[in-house]
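1. have a look at this prediction, sequence included:
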Amino acid sequence: MNQIQVHHETSRLWLQTLNEVQKKAALHDQGPLVVFAGAGSGKTRVITTRIALLIDSGVLPSRILAVTFTNKAAGEMRERATALTLDAGLATIATFHSACARWLREFASELGFTSDFTVYDDNDSQSVIKAVLKELNIKIEESVSDYKSAIQRMKNLGWSPREAETFESEYQSQFPPYYVKIYRSYQEKLALANAMDFSDLLLNMLLLLRSHKGVRAALQKRYSYVLVDEYQDTNPTQFELVALLLGDSKNLMVVGDDDQSIYSWRGANPSNIINFKTHFPTAIECRLEQNYRCTSNIVNAANAVIQNNKVRAAKTLWTENRSGDLIQYVQEIDGEAESWNVIDLIKREKNIYPLTDVAVFYRTNSQSRSLEENLRRQNIPYQIYGSLRFYDRAEIKDILAYVRLTINDGDDVAFRRIVNVPTRGIGDKAVENLNEIAKAKGLSLLKAARECVSTNVPKLGAKFKVFVDIVDSLKSRCEESAPHEIVPTILELTDYRRHLDTKHPEEAKDKLGNVHELAAAMSDFHEANPEVKLSQWLQDISMTGSESESSTGVTLMTLHSAKGLEFKRVYIVGVEDGLLPHLNSMDYSEDLEEERRLMYVGMTRAKEKLSLFSARKRRVYNNWMANGPSRFLNEIPKEFLHMTGVEQEVSIEKERSSFSGWADDDAVDEGSKVKHPTFGRGIVEAVESEFGSKKAIVRFDSFGLRKVSLSQLQTGETRYEYDLD
């Protein structure tokens, strides 16, 4: 193999810190190289050492380009490379987007832009899409968020409007109506405004490299060595962009782990690294399989899980680390008991694992609510990584403001927050005019608004009427409703779902899930305290609002946020079919494999001790759901597990043994007895075809009629070791 020639003692010292496979990758000189880097195998060390070795061998730092996906990762790479040699600071070490933005500023005129073009954020993009829909007079049910997602997807695929038109007939069913026309008009408006959206930074750079030989030649000459971190997360646009940056020497080093590819919803395609040699037949392969992070029990268990994925590059993670504790699996009676058990363990182990060494992972953001509330009750400091605390999230504050105003019509803070949420055309000036009337008459803002409406005060009366009617209707209906009905009533009267779709298209489903979790919290409070007014609950959550937030406490985060991090002590909660794997990921094998990769990522964040938790029932979207243990648990060899349940040890295999297996198209018909991972047992009433896949209409024992995919059903009788009640 063509290796970098090591002439200096400094370089030899760098190499002494690497194992033999790491050395082989770091010393690679000319031609393409793919490094499959398993979890905790030291991939950043390999990349930064290779950068330093290239510079030490005489390569100009300015000829080196290293790209990754996040500012944090780029910053760490730059810091570690310059710690080896200060000259590494002269190399281009950046994210894909920042590198492309830099080149586009330089070559913008080639695409008809000026170098001071504006980069539009999500809100700007939505405004443009709205204007396009209005100009084209397209009145359809799809929301702005549907078109924003479609445009993002086309750009991730490397499609300009011209390519989108070419593929229109082939992909018509996968995009909303008129998507090509809307995409073209959207891009035209951006060009007229001398603006690009975030995805354009990549797409426009790709279009520039495709069509302008001079730009392509200039950048190929500028960078003689290209290194790409987290290559498994590249989408088609990034894949082609990297390929076009290479000169004849094809000096490309890619590093990544297809087993940690968890961002398909962003367009990531793990086949880019799996099939690297198909695109670069002369490529050298290195497999970093030694894990330096985790105990061997954790490594072996995680390895056993991920081996069940069929689409992956062959590799086996191993470690020389000690065996460590067995992985703990606990099945609790419900989600509340699950969070209390986790917190009890955190308290008991505090002398072994300080709070800063502890992390709790979950599949969806809404799962943090119960953990947060119980951590606060125990005065245990915590921080939410990559997100806000549950009660600090904007959607929660909005809904709580409606609840507060319903209970107390003198709450001016709540009034100001929601008077124009969702948007009702009530601006700051109108609110200030109302405030002057309220002060003069000694009224709250809501009472002043009611008076303006009843007396038809010019301009103000008509402006505030819709809001006053909503609050009064809400107050009337909530006086007769159970607490769990209050949030659905707010959603109905305010059309808050559409507000989330419009304002937060990428996060709307997650935010709506948080709102439903708020409803569950209100229901839990009422069930535990039927005689106590809801105002007391509002007081409780306000008084415990912020004192437990700390950068020195337990870390809570989603499994997606956990990638790239590590902790001595890790808990993963909600390890159930329907949550992990997620219900929305059970229809297709590729989605299920990504959920398994997510489980693998979570497990391999734990350095010393790992606990997995599930619940026999939990509230999901404010309904009780009976989830079985995750199928991924059954993939962990029993010699690596210590299992405990509420009343007795849980046997995952026994709980599943009464089923004849996952249903196929012929195994389910009218009258079949089935089980669903979320809805439990039921009887099939009909089977129908929908968009090319078969669906069953099932009458479930606890949830009534539901339409579900056949792939989510198991056939046969269901028996449990104990009842769910």
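-> Noted; the coordinates are in hand. Quick caveat: nothing in here was measured; it's all calculated off a predicted structure. Numbers count the residues shown, from 1 in each chain.

2. can you list the buried residues in the helix or strand hosting T82?
-> Per DSSP states H and E, T82 falls inside helix 71-84. By neighbour count on 16 or more other C-beta atoms under 10 Å, the buried set for helix 71-84 is 73-74, 76-78, 80-82, 84. In this view, the C-beta of every residue, glycine as well, is placed from N, C-alpha and C.

3. element containing C286?
-> Using DSSP H and E, C286 sits within strand 284-288.

4. sorry, back to before: what does the helix holding T82 rub up against?
-> Helix 71-84 has contacts (C-beta atoms under 8 Å, 6 or more residues apart in numbering) with 14, 44-45, 47-49, 51-52, 66-68, 88-89, 91, 93-95, 98, 229-230, 564.

5. now with 10 Å?
-> Helix 71-84 is contacted by residues 10-11, 13-14, 44-45, 47-53, 55-56, 61, 64, 66-68, 70, 87-99, 227, 229-230, 564 when judged by C-beta atoms under 10 Å, 6 or more residues apart in numbering.

6. state the mean pLDDT of that helix.
-> Helix 71-84 comes out with an average pLDDT of 90.

7. what's the answer for stretch 397-407, then?
-> 85.

8. not counting sequence-adjacent ones, nearest residue to the most centrally placed residue in the chain?
-> For the chain, H560 is the residue whose C-alpha lies nearest the centre (C-alpha atoms, centre = their mean; 5.1 Å). For H560, ignoring the flanking residues on the chain, the nearest one in space by C-beta to C-beta, 6 or more residues apart in numbering is I262 at 6.1 Å.

9. quick one on the thing from earlier: and the strand holding C286, how far out from the chain middle?
-> In this view, strand 284-288 has its centroid 29 Å away from the chain centroid, taken as C-alpha atoms, centre = their mean, to the nearest Å.

10. can you give the strand pairings for it, parallel or anti for each?
-> Using DSSP bridges, the strands paired with strand 284-288 are strand 33-37 (parallel).

11. V570 should be in a strand, yeah?
-> Yes. V570 forms part of a strand when assessed by DSSP: H, G, I helix; E, B strand; the rest coil.

12. how far away is it from T234?
-> Here V570 is placed at a distance of 28 Å from T234 (C-beta to C-beta, to the nearest Å).

13. so these two - more neighbours on which side?
-> Comparing V570 with T234 by neighbour count (other C-beta atoms under 10 Å), the higher total belongs to V570, at 29 against 25.

14. which residues in the stretch 551-700 of the chain form strands?
-> Per DSSP state E, counting those that start in this stretch, the stretch 551-700 of the chain carries strands over the ranges 554-558, 567-572, 606-615, 618-620, 623-625, 641-644, 661-662, 673-676, 680-690, 693-700.

15. which stretches of the stretch 601-725 of the chain have low pLDDT?
-> The stretch 601-725 of the chain contains residues with pLDDT under 70 at 620-623, 645-666, 677-679, 689-693, 701-706, 716-725.

16. let's see it at 50
-> Where the stretch 601-725 of the chain drops to pLDDT under 50, the residues are 646-650, 653-662, 691, 717-725.

17. so Y178 makes contact with E165?
-> No. Counting by C-beta atoms under 10 Å, E165 is not a contact partner of Y178; they are 12.0 Å apart.

18. re earlier: contacting residues around the residue nearest to the centre of the chain?
-> Contacts of H560 by C-beta under 10 Å, 6+ apart are 262-263, 265, 361, 363-365, 386, 598, 601-602.

19. which residues are contacting the helix or strand that contains E163?
-> Element membership for E163 (DSSP H and E) is helix 161-166. With C-beta under 10 Å, 6+ apart as the test, helix 161-166 has contacts from 150-151, 154-155, 157, 159-160, 171, 175, 179-188, 207.

20. pull out the buried residues from these.
-> By neighbour count, with 16+ other C-beta under 10 Å, the contacts of helix 161-166 hold 150-151, 154-155, 157, 159-160, 171, 175, 179-187, 207 as buried.

21. just the residues you listed: which are in helices?
-> In helices, judged by DSSP state H, the following of the buried ones among the contacts of helix 161-166 are found: 150-151, 154-155, 171, 179-187, 207.

22. circling back to that earlier point, give the buried residues for the helix holding E163.
-> If you call a residue buried by 16+ other C-beta under 10 Å, then helix 161-166 has these buried ones: 161, 164.

23. and it, C-alpha only, in PDB?
-> Taking C-alpha atoms only, helix 161-166 is exported to PDB below (Å, rounded to 0.1, in the frame of the first residue of the first chain):
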ATOM      1  CA  PRO A 161     -36.300  21.900 -10.900                       C
ATOM      2  CA  ARG A 162     -35.200  20.500 -14.300                       C
ATOM      3  CA  GLU A 163     -34.300  17.100 -12.800                       C
ATOM      4  CA  ALA A 164     -37.500  17.100 -10.800                       C
ATOM      5  CA  GLU A 165     -39.500  17.500 -14.000                       C
ATOM      6  CA  THR A 166     -37.500  14.700 -15.600                       C
END
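
24. from the chain's centroid, how far away is it?
-> Mean-position distance between helix 161-166 and its chain equals 29 Å (C-alpha atoms, centre = their mean).

25. check stretch 372-380 too.
-> How far stretch 372-380 lies from its chain's middle: 25 Å, per C-alpha atoms, centre = their mean.

26. try stretch 96-114
-> On C-alpha atoms, centre = their mean, the centre of stretch 96-114 falls 29 Å from the chain's centre.

27. please apply the same query to stretch 177-185.
-> Distance, stretch centre to chain centre, for stretch 177-185: 27 Å (C-alpha atoms, centre = their mean).

28. that older thread, now the element after the strand holding C286, going C-ward?
-> Downstream of strand 284-288, the first helix or strand assigned by DSSP H and E is helix 296-306.

29. mind listing what's buried along that next one?
-> Buried residues in helix 296-306, counted by 16+ other C-beta under 10 Å: 296-303, 305-306.

30. same list, these, but as a markdown table with distance to A283 please.
-> Below are these laid out as a markdown table (distance: C-beta to C-beta, whole Å):
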| residue | distance to A283 |
| --- | --- |
| S296 | 31 |
| N297 | 35 |
| I298 | 31 |
| V299 | 27 |
| N300 | 30 |
| A301 | 32 |
| A302 | 27 |
| N303 | 25 |
| V305 | 28 |
| I306 | 23 |
